[in-house]
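Participant: coords please:
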Amino acid sequence: MLIITAASLAGGQGKTTSSFFLARALAKKKYKVLMVDADPQSSLTFYLGHEVELNQPTLLEVLKKQVSIFDGIYESNYSNLWLIPSDDGLETIQDYLSTTAMGELVLKKRLKEVSDTFDVCLVDSPPQRTQICLTTVVAADELLIPVEASSKGLHSLMRTLNLVEELKSVDAFEGAILGILPFRDRWVGRTQAKRSEASIQDMHEVGQGLDVFPSILESERYKQAIDTGRTLEELGHSNLELPFNKLIEVLERKWLKNKNNPLTQTVG
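Facilitator: Numbering: from 1, shown residues only. Sure thing, here's the model as predicted:
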């Protein structure tokens, strides 16, 4: 199972949007996809239409090993897509991860238990530099960094890259950075807004050779797709799926090199 974490150290950077639409694109190609909502705000859980019922296990109980990870996984309304949800209680995991030996490895260890069940796991990380954030980054085989096309986004990018370097320096992060995904790229007709254009140029410079994928445009169509449960293509806006299709192209090309990798075969 390939683990992809969407992480960016500021709010409003498109982590949940990126995770949701990439997961749906992978599921559409018949990959079995597990999504992990690691943000106490639970936006991903909401996007997938899942309501956490009283006494229902969530990521909190999975991380604390109070239940089997399989007991914390729920089938979504979408084919080939499953979820480990979160709720407000996830905030309480901080002390547990801080006091547990090698707490940053907890999520990685739990996900190993389902590595033969799913092809891809997509983790939506919280925007704050917390213990939850650290365990999601350390778990990643590939780290995707969504970044708003703004000065705030560039600051988030720099903070996220600094965190990765810190984790690498202590051999905690063994994955790779998949690339940077610009978010809320604003266009007026056929003309890109100067702020967006300048910000994306800066992303190339700050990223120092990292892939910068086609942008998630500033558009209400993404929200419409989430609210209606339909794909962007079904809404007549297949062009907006370009960022996620390009991500999958890179993932398949990169991971197909290893014949034992789950992305070598789709699941029928």
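Participant: what about the strands in the stretch 51-200 of the chain?
Facilitator: With DSSP state E, counting those that start in this stretch as the definition, the stretch 51-200 of the chain shows strands at residue ranges 74-75, 81-84, 120-124, 142-148, 176-185, 187-188, 191-192.
Participant: for Lys109, which of these is the nearest?
Facilitator: Nearest to Lys109 among the strands of the stretch 51-200 of the chain is strand 120-124; the distance by Cβ to Cβ comes to 13.2 Å. In short, each C-beta sits where N, CA and C put it, glycine included.
Participant: and the closest one, how far from the chain's centre?
Facilitator: 5 Å (Cα atoms, centre = their mean, to the nearest Å).
Participant: partners of that strand in the sheet?
Facilitator: According to DSSP bridges, strand 120-124 has the following sheet partners: strand 2-6 (parallel), strand 33-37 (parallel).
Participant: quick one: the helices in the stretch 1-150 of the chain?
Facilitator: Remark: helices assigned in the stretch 1-150 of the chain by DSSP state H, counting those that start in this stretch are 15-28, 43-47, 59-63, 93-99, 106-112, 131-139.
Participant: who are the packing partners of the fourth one?
Facilitator: In this structure, helix 93-99 packs against helix 59-63, helix 131-139, with contacts taken as 3 or more Cβ pairs under 8 Å, 6 or more residues apart in numbering; DSSP states H and E.
Participant: where does pLDDT dip in the stretch 151-268 of the chain?
Facilitator: Scanning the stretch 151-268 of the chain with the threshold set as pLDDT under 70 gives 256-268.
Participant: ok, back up a step: in JSON lines: the strands of the stretch 51-200 of the chain, plus distance to Arg24.
Facilitator: JSON lines is the format used below for those (distance: least, Cβ to Cβ, whole Å):
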{"stretch": "strand 74-75", "distance to Arg24": "15"}
{"stretch": "strand 81-84", "distance to Arg24": "7"}
{"stretch": "strand 120-124", "distance to Arg24": "10"}
{"stretch": "strand 142-148", "distance to Arg24": "15"}
{"stretch": "strand 176-185", "distance to Arg24": "15"}
{"stretch": "strand 187-188", "distance to Arg24": "23"}
{"stretch": "strand 191-192", "distance to Arg24": "26"}
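Participant: could I get those as a markdown table with mean neighbour count and distance to Gly229?
Facilitator: Listed next are those as a markdown table, based on neighbours: other Cβ atoms under 10 Å; distance: least, Cβ to Cβ, whole Å:
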| stretch | mean neighbour count | distance to Gly229 |
| --- | --- | --- |
| strand 74-75 | 14 | 15 |
| strand 81-84 | 24 | 11 |
| strand 120-124 | 27 | 18 |
| strand 142-148 | 26 | 22 |
| strand 176-185 | 22 | 22 |
| strand 187-188 | 11 | 26 |
| strand 191-192 | 13 | 30 |
